[in-house]
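> Got a sequence here, can you build the structure:
(one chain, ligands or ions: 3)
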Amino acid sequence: MDSTNKRKKLITSEIVKYALGQSFVKLNPMVMIKNPVMFVVELGTFIVLLLTLFPSSFGAEANFGFNLTVFIVLLFTVLFANLAEAIAEGRGKAQANALKQTKTDVTANKVQSGGGVKSVPATELRKGDIVIVAQGEMIPGDGEVIAGIATVDESAITGESAPVMKEAGGDFCSVTGGTRVVSDQIKVRITSDPGESFLDRMISLVEGAKRQKTPNEIALNILLITLTVIFLIVVVTLAPIAKYVGVNLEIPVLISLLVCLIPTTIGGLLSAIGIAGMDRVTQFNVLAMSGKAVEAAGDINTMILDKTGTITFGNRMASDIMPVGQANVADVASWAAISSIQDETPEGRSVMEWVRKNGYTFDESKARDAEFIEFKAETRMSGMDLKNGWKVRKGAIDAVKQWVTTQGGTIPADLTDKGNHIASEGGTPLAVAVNDQMLGLIYLKDTVKPGMRERFEQLRKMGIKTIMCTGDNPLTAATIAREAGVDDFIAESKPEDKIAVIRREQAEGKLVAMTGDGTNDAPALAQADVGLAMNSGTIAAKEAANMVDLDSDPSKIIEVVSIGKQLLMTRGALTTFSIANDVAKYFAIIPAMFMLAIPEMHVLNVMGLGSPMSAILSALIFNAVIIPLLIPLAMKGVAYKPMSASKLLSRNLVLYGLGGVIAPFIGIKIIDLVVHLWI
Ligand SMILES: Nc1ncnc2c1ncn2[C@@H]1O[C@H](COP(=O)(O)OP(=O)(O)OP(=O)(O)O)[C@@H](O)[C@H]1O
Ligand SMILES: [K+]
Ligand SMILES: [Mg+2]
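Ligands and ions are numbered 1, 2, ... in the order given. Coordinates of the predicted model:
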């Protein structure tokens, strides 16, 4: 996939530079309070600082060196947590800056109500204004092409250098402000007011300006706060108990204990994990409107995919024309051509091409002043109503059959067999008819994209059911479904059927993902838990969806789901690791604290740490450095292999739970060996 090449280095020196500065900016308690676990650490840091500077004010005997060290380690704990978040934000900020540069001053050729054209700054354009954009000019705002056809360089937004075709009518009419017309000229109706454009939205998205905590994050945060409060109570009540048995616990020691016990690792990395997850989606050239959408992608049970263009390449090409009944090929070819003269769909264009290439002719004058019957997913036909009263249609066999029958025609006996033959090869048969006469069939060929079977196999391993929804006939659908390896398919489906499937699945408590690009996909995109719209698609589709794929590759939904799963797993793994870690630290610190007064506690010093002081400092240092050590993992996400949720859970519990218990024992021991030399 070409997007992998575009992926930039995870952490650059610029990002680190930005993040280092931000780590201090974020020390502001008003900012810190949003992260309650780290806020408690910051508060502790402040108290230890006071104790270091004014030891007498607390009436305690001071150990200046120890207190100062604790203060420094605590300060770094907070800074490291800030650093994690700032690094995760850094890439988005850099990308936002690059995007802002494309928002330079553009002038627009606005069509006046009188008909003339006037040059105005793009910032003055409002919804509904009409502009003309010629070759080499920048499109001044989001809009829809209402006249003309042009190729547009969208690289400023998509990073993709190959220009894309934009034309009036249909699913490829939407254009984005900040992109450039490279050939021809188009007339565009502006669809967004200043400040509300796609580019504006994109900037605020990658910048994370409107980032809100997702429901999952909020739930986890509540758990972390609860743990923090519990340990706060434990530590506060520990002092009098200790005093009772003759141990005098200093405040810096108690604060150290508290910080080691509360979930600082996950508390420090939590928001970085969320931001990095969204960023991974962005680097994949998919814009997620919210973190919630990315998380929902990780929990998807059912995926709805359409056939043409998602599972297959979608450039269905006429590859043969065959007559039925008494008709001959030349007849079918010429009427197929007449029905397609104005049909600008890939199918329609390919019919014209086939007829020309194979040397058949047709009487173009017949189509003069004819009324064009545009293809619609509802009718599944297209054609012409000629001036002489004749009607020509091409379309799905059952639709054309019905059309012919209602006009009193009969259906030639060989139609079904010939149609089935095409369908059983995975092709799409289009029937061609004039008035009450069924003439023949067009064989539209399409190919399943390579690697689909493997991808669906992966999805199955993740426990995701795939349903292919297609407007095509059941036999073609069955053939393609078998070839691609989807779990289920729905043939002859109209746009509203997609919504029905989504609702049915959701009623069973499942989360559903789907992709789409047309205006008629918009309701289904909005209904789905994850709706991925194509950037090439209509504005309605893009507004209804909660994700937009800038590369317009519908099969990318599969990767988006993987990224979502990875995000949820990373968060789960690091939470497990963090809490397991804290448990282990408990065994390092508690024996050390009591060892001085109660020599018998020595048997609990299983780690054989140098001295009580060095034990506490080592645990505290480990607690601090584990945060930056885990930043790369939080950013990259834990390695992910497709497997069932229960298998994953047990695997991760062993890996990160057990690892979380063992790591601090080793880490603290090593740090203690060094620290002990100093104390
Ligand atoms: N330009 C056209 N003119 C006439 N009939 C068409 C044209 N394009 C498609 N059809 C017929 O209409 C049917 C439905 O088309 P539609 O676009 O709704 O679904 P599809 O493209 O077959 O499937 P998918 O939903 O997977 O994209 C097609 O299977 C085909 O038989
Ligand atoms: K901790
Ligand atoms: Mg289609």
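
> how much space between Leu677 and Gly610?
Leu677 sits 9 Å away from Gly610, going by CB to CB, to the nearest Å. The way it works is simple: take the backbone N, C-alpha and C, and place the C-beta from them, glycine included.

> Those two: which has the busier surroundings?
In this view Leu677 and Gly610 are compared by other CB atoms under 10 Å, and Gly610 has more residues nearby, 21 against 9.

> Surely the more buried one touches Ile671?
No. Here Gly610 lies out of contact with Ile671, judged by CB atoms under 8 Å, at a distance of 10.3 Å.

> List the buried residues for whichever strand or helix holds Ala663?
Assignment of secondary structure by DSSP states H and E places Ala663 within helix 659-678. Residues of helix 659-678 classed as buried by neighbour count (16 or more other CB atoms under 10 Å): 660-661, 663-665, 667-669, 671-672, 675-676.

> residues making contact with stretch 200-209?
89, 92-93, 95-96, 99-100, 103, 157, 210, 275, 278-279, 282, 287-289 (CB atoms under 8 Å, 6 or more residues apart in numbering).

> how does it look with 7 Å?
Outside of stretch 200-209, the residues within contact range by CB atoms under 7 Å, 6 or more residues apart in numbering are 89, 92-93, 95-96, 99-100, 157, 210, 275, 282, 287, 289.

> Where does this structure get nearest to ligand 2, residue-wise?
Closest residue of the chain to ligand 2, CB to the ion: Thr264 (3.8 Å).

> Please, which helix or strand holds Leu287?
strand 286-288.

> which strands and helices sit next to that strand?
strand 547-549 (3 or more CB pairs under 7 Å, 6 or more residues apart in numbering; DSSP states H and E).

> In terms of secondary structure, what does the strand it packs on contact?
Partner elements for strand 547-549 (3+ CB pairs under 7 Å, 6+ apart): strand 286-288, strand 530-534.

> List the contacts of the spatially closest residue to Pro664 that is not a sequence neighbour.
The shortest distance from Pro664 to any non-neighbouring residue, by CB to CB, 6 or more residues apart in numbering, is to Ala584 (4.1 Å). Listed by CB under 7 Å, 6+ apart, the contact partners of Ala584 are 661, 664-665.

> of the residues you listed, list those near ligand 1.
Among these, proximity to ligand 1 is found for none (CB under 6 Å from any ligand atom).

> Let me have the residues you listed in CSV, extended by distance to ligand 2 and pLDDT.
What follows is the contacts of Ala584, written out as CSV (distance: CB to the ion, whole Å; pLDDT from 0 to 100):
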residue, distance to ligand 2, pLDDT
Val661, 14, 91
Pro664, 10, 92
Phe665, 15, 90
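
> List just the nearest of these to Leu525.
Nearest to Leu525 among those: Val661, at 45.0 Å, using CB to CB.

> tell me the contacts of that closest one?
580, 583-584.

> quick one: which of these sit in helices?
Using DSSP state H to define helices, the subset of these located there is 580, 583-584.

> Which member of these is positioned nearest ligand 1?
Ala580 (47.6 Å; CB to the nearest ligand atom).

> you'd agree the closest one is up against Leu653?
No. Ala580 is beyond contact range of Leu653, at 9.4 Å (criterion: CB atoms under 7 Å).

> Of those two, which one has the most company?
Between Ala580 and Leu653, counted using other CB under 10 Å, Ala580 has the larger neighbour count: 21 against 15.

> pLDDT score assigned to the more buried one?
Model confidence at Ala580, given as pLDDT, is 93.

> Kindly report the same for Ala573.
94.

> which non-adjacent residue is nearest it?
According to CB to CB, 6+ apart, the nearest residue to Ala573 is Tyr656 (4.4 Å).

> what's that neighbour in contact with, if anything?
Tyr656 touches 573, 576-577, counting by CB under 7 Å, 6+ apart.

> count of neighbours near Val548?
24.

> Asp582 versus the nearest residue to it once chain neighbours are set aside, what's the distance?
Distances taken as CB to CB, 6+ apart place Leu287 nearest to Val548, at 4.7 Å, with adjacent residues excluded. Remark: distance between Leu287 and Asp582 (CB to CB) = 37 Å.
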